[in-house]
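K.L.:
need a structure here:
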Amino acid sequence: MGSGRGGAVTAPSAEEILRARAAELTTCLRAIAAEVTPAERTRESFVVTGIGASEGPARAMAALLRATWSVRATFVPLSTFATGEPRAHGDVLVVFSQSLSPNACLALSRAPEFARAILFTSTTEAPHEGARRALDRFRERGHVVKLPEREGAAADAIAREHGTLVRTLGPCAAMLAGALHVGAATRDDVPALLAAIETAPARAHAATINVRDTELEGRVAFVTAGGYGELCTGICALWLEALYVPRPPMWDVLEIAHGPFQALYDSPILLVALEREDAEAELFDRLGQMLVPERHTLVRLSSALSPPLASLDHFAQAHELVCRALRARPRDLHAWPGSGRDGPLYDVGLLARRG
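P.N.:
Predicted coordinates:
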């Protein structure tokens, strides 16, 4: 916290809040690595869901199940649990919800319809009666993976995020837990990840040294290759929730030549390439050759890690860009636009009455 006139204590700025969270990220990830063990592989099919900051880890989990276990795994939006038959998509339900949001209750309350269910969450304390009922229903079939399991600095840090729309620690903890759960990453991989997280802000700063603050405020799109974007959608949620802007697209690099380039050609845009070192260098070089320097800026954020842990490195780098944007134009992360008026949709899960 800073001091105002006469030594009065002022509330931390949005940038300060997010930088404080970033400083705790390695502690949280280390705790997850110590506690989450690989699950036994099965041939079951999976239905995976999550919303808001939990959507990124959920989409990544579905992709990792397909790639690592070679099983059918489908991400479905939570509205499917209000309007459809999610059981038709798979045998096992997997839910990501950092703080048991009302809409997550839609999925939790339908867990008895599945052969079994798994919940990745940072809390098992139901914040309202509807969540308590849904959690009771979930436990008829479900197993909870608490992030992290033990109380302490990591758990306290994640809990402090609950008062803001934007989340940093919870989604990263969930992402790593999912990767460890399916064996897409191991504890032996984690030291290299923590080292990358430590250097991520400096690397992001070096990569964007010539980017103007106004470009971070304007039209932005992320670019990946080889299906890597499936593991990085949490970055788009971070951008949307921290900066109160429309969700930026996540384009495959070759896709840009098939519509997006024509749409952006006459307009300023910042393209942020989430690049794995050497793997896609030629493709991103070719993207740079297409752009018009007077209007288009290409930033290449590189990671030496392999997927899926590279996505956490890229999240940390994108987080640094968000902090810079918040310094240029501060927001109040505790009083976001429309706060209190989103109840008709946000609270739908509290109305669920099943079973």
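
K.L.:
could you use CA atoms for every contact and neighbour count after this?
P.N.:
Will do.

K.L.:
low-confidence ranges, the chain, go.
P.N.:
Low-confidence regions of the chain, defined by pLDDT under 70, span residues 1-9, 351-355.

K.L.:
same thing but 80
P.N.:
1-10, 126-128, 130, 277-279, 350-355 (pLDDT under 80).

K.L.:
in it, which residue is most central in space?
P.N.:
Averaging the C-alpha coordinates of the chain gives a centre point, and the residue nearest to it by Cα atoms, centre = their mean is residue 234 (2.9 Å).

K.L.:
that residue: which element?
P.N.:
For residue 234, the host element (DSSP states H and E) is helix 233-243.

K.L.:
quick check: next helix or strand after that helix?
P.N.:
From helix 233-243 onward toward the C-terminus, using DSSP H and E, the following helix or strand is strand 250-252.

K.L.:
what does that following strand contact?
P.N.:
Residues lying outside strand 250-252 but in contact with it, judged by Cα atoms under 8 Å, 6 or more residues apart in numbering, are 221-227, 229, 233, 236.

K.L.:
ranges for the strands of the protein?
P.N.:
2-3, 9-10, 46-49, 73-75, 92-96, 116-121, 142-146, 220-224, 250-252, 269-276, 296-303 (DSSP state E).

K.L.:
follow-up on the earlier one: can you list the contacts of strand 250-252 in TSV and add neighbour count and distance to residue 340?
P.N.:
Conversion of the contacts of strand 250-252 to TSV gives the following (neighbours: other Cα atoms under 10 Å; distance: Cα to Cα, whole Å):
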residue	neighbour count	distance to residue 340
221	17	29
222	23	31
223	25	34
224	23	36
225	19	39
226	11	40
227	12	37
229	19	32
233	23	26
236	21	23
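
K.L.:
tabulate those residues in CSV, adding columns for distance to residue 247.
P.N.:
Converted to CSV, the contacts of strand 250-252 look like this (distance: Cα to Cα, whole Å):
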residue, distance to residue 247
221, 9
222, 11
223, 14
224, 16
225, 19
226, 22
227, 19
229, 14
233, 10
236, 6
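
K.L.:
who touches the residue lying closest to residue 91 once chain neighbours are set aside in this structure?
P.N.:
Taking Cα to Cα, 6 or more residues apart in numbering, and ignoring the residues beside it in sequence, residue 91 has residue 45 as its nearest neighbour in space, at 5.2 Å. If a contact means Cα under 8 Å, 6+ apart, then residue 45 has 71-73, 89-92 as its contacts.

K.L.:
residue 346 - how many residues pack around it?
P.N.:
Each residue near residue 346 was counted by other Cα atoms under 10 Å, and the total is 14.

K.L.:
that one reaches residue 105, doesn't it?
P.N.:
No. Here residue 346 lies out of contact with residue 105, judged by Cα atoms under 8 Å, at a distance of 10.9 Å.

K.L.:
and the lengthiest helix in the chain, what does it pack onto?
P.N.:
Of all the segments assigned as helix in the chain under DSSP state H, the longest by residue count is helix 309-328. In this structure, helix 309-328 makes packing contacts with helix 14-23, helix 169-182, helix 190-207, helix 213-217, helix 233-243, strand 296-303, judged by 3 or more Cα pairs under 8 Å, 6 or more residues apart in numbering; DSSP states H and E.
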